[in-house]
Structures are given as structure tokens and as C-alpha cells.
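Here is my input, please return the structure:
(chains A and B)
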Amino acid sequence: MKPFSYERATSPADAVTRAAAKPGARFIAGGTNLLDLMKLEISTPAHLVDVNGIGLDTIEKTADGGLRVGALVRNTDLASHAAVTKGYPLLSKAIVAGASGQLRNKATTAGNLMQRTRCPYFYDKNLPCNKRDPGTGCAAAGGYSRGHSVIGVSGNCVCAYPSDMTVALHALDATVEIMQLDRTTRTLPVRDFHLLPGDDLPVGEFALKPGELITAVVLPKPVGGKQLYHKVRDRASYAFALVSVAAIIQPDGTGHVAFGGVAPKPWRSDAADAALPRGAKAVTDTLFADATPTDQNQFKLTLATRTLGAVLIDAKAS
Amino acid sequence: MDIFREPKVSRRAVIVGGASSAAVTALVPASAQDAKPSTLAASVPEMLKVSFTVNGKVRELELDTRTTLLDALREHIQLTGTKKGCDQGQCGACTVIVDGRRINSCLTLAVMHEGDKITTIEGLGAVGDLHPMQAAFLKHDGYQCGYCTPGQICSAVGMLAELKAGVPSHVTADPAVGPKFSNAETRERMSGNICRCGAYSNIQEAIAEVAGVRS
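Numbers count the residues shown, from 1 in each chain, chains lettered A, B, ... in the order given. I've put the predicted structure just below:
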């Protein structure tokens, strides 16, 4: 790990001010992803601003019946909160489908949103990676591609986005609240928060400007329906998704669906949602029409259709 | 002479000595690397004071900011019961309980724990006064080589507290109803602790006994 200086912030505004004062500063919350990357010197911040003492750790009802989740609410607490298990069971199910108990106790809501890819080529510093070292190329594109994205990729990057929680947030139409450098707040639909790699460098990842701080994730009022999260992975627990489906299915067959494991961000579209009453194949035919799979990850397309099919059967049965 | 009880030079002392001399040597080329201006990282280690309670005892340390909680426990407080396996949050050997919650001590910085209350395997129980989970692991032979065991036990203790508090898991049928004690629940919740020897079935027997359920 490269040496770094460290300080504790006392409020969100204080955190933003302190980070802005030090070039190369990063916020640290749970640290479960950042410290891993710092040990490998993939991330080399010169300064860490510890935001664990700044509040933002509560879950509150909003005026319009939604829920405001503080950025520092731990994954365990979010998945367990009565307002979430009752109003947004999809979110609870997605969170506990990811990581381990120990990690969920530390990992935060905002940190989970900011989770970096688990692409092995991003982690291997001996190989080129545009996400790690912009301009070096993408070793993953011609490499072992079983785990990579089947859609939304570019010549610069083909990695998959790892978070489970975020797939649910996309299906739930959540909003991200961000404190800007001038300490005013802007909001962004979570669907716009995660970016596709695109054709420019550095590759797109998060719509967060340097020094900005996520303060909350806001959920609209509960929409009811059957809420299911189905994750397919290589082992039964503690593994990243090959394909995951977050679905909200209403009694009339309409709803929202988002897929994980298939793209550089949770993958969904309004057109695909509109196809839900016509069944799983109609949804995935729409959603993955532009897919560019390799021989090795072609299976994800079949798996996506079948996983959604299983979810739709569960939605009818439960 | 009982060499196992009274070693003149312990293996541990040799390892500690070897590691610190290696660290001193490594610092020299590290500072010399400043010729590479592209990295934003600071070039010299930053030292910081931190104070936390470990197993009921207040510890005041001055540490390189890079020191993980795991390394602080093992290398600075000499509580070597907590083990370093993968050092990247995948194996669970480093699991300790901080303010009542199990966490991976390898993925958190020691300086982030100012004022925290930390319990390690040494604090759960001692010879002659074992924690029920420690006793159950012994009774059910919940290990072979024993390296993952401190992490398994700390994790199991934290896990049962989570189950009792109603934290849902991936196998909980309805998060709104909450979990019920079952073997499926405890197995799922222990997936962050790897046992390379494969003592899982005995580990589950031990946990089931403490939880008061049939495995």
C-alpha cells in the first residue's frame, strides 16, 4: 500500500471541504472495496477523509411516502430495516444475496453504489486495463470472457458491474443525493448515476465529479407487487452473479425488471418493462437485442431469459 | 527439557524480527521511487495515534496509517489468535467483533477504530473458561489444522447475534417475517468463513449446539 495521510470529518460539509483541500483525496466509509484496491495499489489516494463520523446513518420516511437512506447506513441495517423488508423487500433480498455477513456489516449504501468491477483483468496489474490505467487497452476483450458483459460494452472496456444492491435500486427507480463542492445538493436518478464505458477515455463508470459526496439514496413510495431477486452464481453463497434478476411484478403482469451480471451497469429499459406481460422471452428479446456476446459468455443470454422465466413463475406462485 | 514449553527463541520472535528488518530495507527504495511523479500518493509513511479497547483493555498505539486492524492486533498488540489468511476479505480468518458486530479485520484500518470496543478470540474465552462456542468447537471437532478456527468462532458468535436480532439472509423466505433458526440459515450466514480442511459439517454441529437447534 502507498503511504497516505488520514483525517476524520465531522459533518458532510466538513468532509467535502477537507477532501477539496488535499489533492488525491478519497472518502473512506466501510473500506471493504477501497482498502482491497489500495493494498494492490490499483487505487493510490494520497489522503483519506474518514466519513464514518459524519452522520448520514439513518433511514427516514420522506414527505411523499418514500424512504431516505443515509449514505452511511450499513448494508446489514438497510436489509433488516422494517420499512425496507415491508415496503421494498426486493432491496432487502438483493443486499443479502451479495457478499458475506462480515462485509455487509461494514459496507455502506453509498460504498455499494461505488463498488468497482471485479474483472480479473482490472485486478491484474501486469495486464493492460483502461479502467485501471486509461489508454493502456483492454486485456479482457480478447481474454477469458466468461464473466464479462454481453451488452453495453465498448472497445475500451467489457467488464461487468458487480453490485447486487444496485440492481434492485435500478428496478426501484431510486434517486442518488449528492453534495457538490459548493456544498449544495444535486440529485440524480440512479439509472443515470452508473455510466457505460463509452468510446472516450477514461472509461465511464460513475457520474460523480471528484470531491463530490453521496449523502443519501432516496426511494419512491412503495409500489407493492411481488418483489423477487434471483441470483445465479457459480456457488450457492458469497459469489458474484453470472446473471441476476431484480423484478417487481404487479398482479396484472406489468412491472419493472433489471438484470445484473450482464452489463457494465444494471441493465433495464422501459421498452423491456413494457414487454413483461408477454413473458420472459419478450423481455429479454427487447432488452438484449443489441447484445455482443463472446463464445464464452453467450450462455448469459439464455440464462437471463430462463432466470426471468423462473422469477415470473415464482411471482405467480407466491 | 521441554522445548515445546520453553523455547529459547520462539518461531514467532524470528518471524517478527525478520519482518521488521525486511520492512526497514524496503523503505529505502520506496522513498527513492519519488522520481516517479505520476502517483499522487504521499511518499513517506504517515504516523497517527489511535486508541481503542481490545478485550476490555485500552490500547494506545501510534501507527502507520496503512496498518489494518488485523496487523495492529497481531503485530502491535501481539494478539496472534486472529489470523491472516487471504488479507482481502475472502476467507474470514481475520474475523473479529467490533462494537458487537463481526467484521473482517483485514479490510479496515486501525486508525478508523478510535474509541471502538474490539473482541478477539482471546477475549471470548480462555483455557479453563471457554466461551460456549469455543467449547462446542472442541466437542464437535470443528477444525482440522485450526488456522481458520478463531475466525470461524468469532464469526459464529457474531452470526448468532445477527440471527437473534432478526437480520435476514439469502435463505430467509420472507425478510418481513424474519429468519428462523435452522441449519440452512447458519450455513448461509457462515459463507464468509472458508475452511480449507473442510471441517464444515463439524463446524455446523458446533454452531447448532450453541444455537440450540438440531443440525
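
ok, which stretches of chain B are helices?
Residue ranges of the helices in chain B, as given by DSSP state H, are B:11-32, B:69-71, B:121-124, B:132-140, B:149-164, B:183-189, B:200-211.

Least confident of those, on average?
Across the helices of chain B, the stretch with the lowest average pLDDT is helix B:11-32; it has a mean of 41.

hang on, residue A:49 is in a helix, isn't it?
No - inclusion of residue A:49 in a helix is not indicated when DSSP: H, G, I helix; E, B strand; the rest coil is applied; the result is strand.

Tell me which residues touch residue A:207, please.
Listed by Cβ atoms under 8 Å, 6 or more residues apart in numbering or on different chains, the contact set of residue A:207 reads A:188, A:192, A:193, A:194, A:195. Placement of C-beta: from N, CA and C, glycine included.

If we use 10 Å, what do you get?
For residue A:207, the residues meeting the contact criterion (Cβ atoms under 10 Å, 6 or more residues apart in numbering or on different chains) are A:176, A:178, A:188, A:189, A:190, A:192, A:193, A:194, A:195.

For the fourth one, which residues count as its bridge partners?
Just to be clear, that refers to residue A:189. With beta bridges defined as DSSP bridges, residue A:189 has these partners: residue A:175.

In space, what's closest to whichever residue of chain B sits closest to chain A - neighbours in sequence excluded?
For chain B, the residue closest to chain A is residue B:192, as judged by Cβ to the nearest Cβ, at 2.5 Å. Setting aside the residues directly before and after it, residue B:192 is nearest to residue A:100 in space (Cβ to Cβ, 6 or more residues apart in numbering or on different chains), at 2.5 Å.

in the stretch 101-250 of chain A, which spans are strands?
Secondary structure of the stretch 101-250 of chain A by DSSP state E, counting those that start in this stretch: the strands cover A:175-179, A:185-189, A:213-219, A:226-232, A:243-249.

Which is the succeeding secondary structure element to the last one?
For strand A:243-249, the following helix or strand on the C-terminal side (DSSP states H and E) is strand A:255-260.

Tell me how many other residues surround the nearest residue to residue A:119 once chain neighbours are set aside.
Nearest-residue entry for residue A:119: residue A:159, 3.6 Å, with adjacent residues in sequence omitted and distances by Cβ to Cβ, 6+ apart. Counted with other Cβ atoms under 10 Å in any protein chain shown, the burial measure for residue A:159 works out to 27 neighbours.

Which phi and psi values does the residue nearest the centre of chain B adopt?
Against the mean C-alpha coordinate of chain B, by Cα atoms, centre = their mean, the closest residue is residue B:94 at 2.5 Å. Here the main-chain torsion angles of residue B:94 (degrees, to the nearest 10) amount to phi -90, psi 10.

who's in contact with it?
A:102, B:68-71, B:73-74, B:82-87, B:103-108, B:120, B:150-151, B:154.

try 6 Å
Residue B:94 is in contact with B:70, B:82, B:104, B:105, B:106, counting by Cβ atoms under 6 Å, 6 or more residues apart in numbering or on different chains.

For stretch A:286-295, give the mean pLDDT please.
The predicted model assigns stretch A:286-295 a mean pLDDT of 98.

in chain A, which spans are helices?
Listed from the start of the chain, chain A has helices (DSSP H) covering A:12-21, A:34-39, A:75-80, A:82-87, A:89-96, A:101-106, A:109-113, A:120-123, A:165-171, A:190-193, A:270-274, A:280-287, A:299-317.

Pick the most buried one from those helices.
helix A:165-171 (a mean of 29; mean count of other Cβ atoms under 10 Å in any protein chain shown).

Count the neighbours of residue B:46 for me.
Summarising burial for residue B:46: neighbours were counted as other Cβ under 10 Å, giving 17.

How about the contacts made by the residue of the stretch 201-318 of chain A found nearest chain B?
Sorted by distance to chain B under Cβ to the nearest Cβ, the residues of the stretch 201-318 of chain A start with residue A:237, at 3.6 Å. Contacts for residue A:237 (Cβ under 6 Å, 6+ apart) come out as B:188, B:191.
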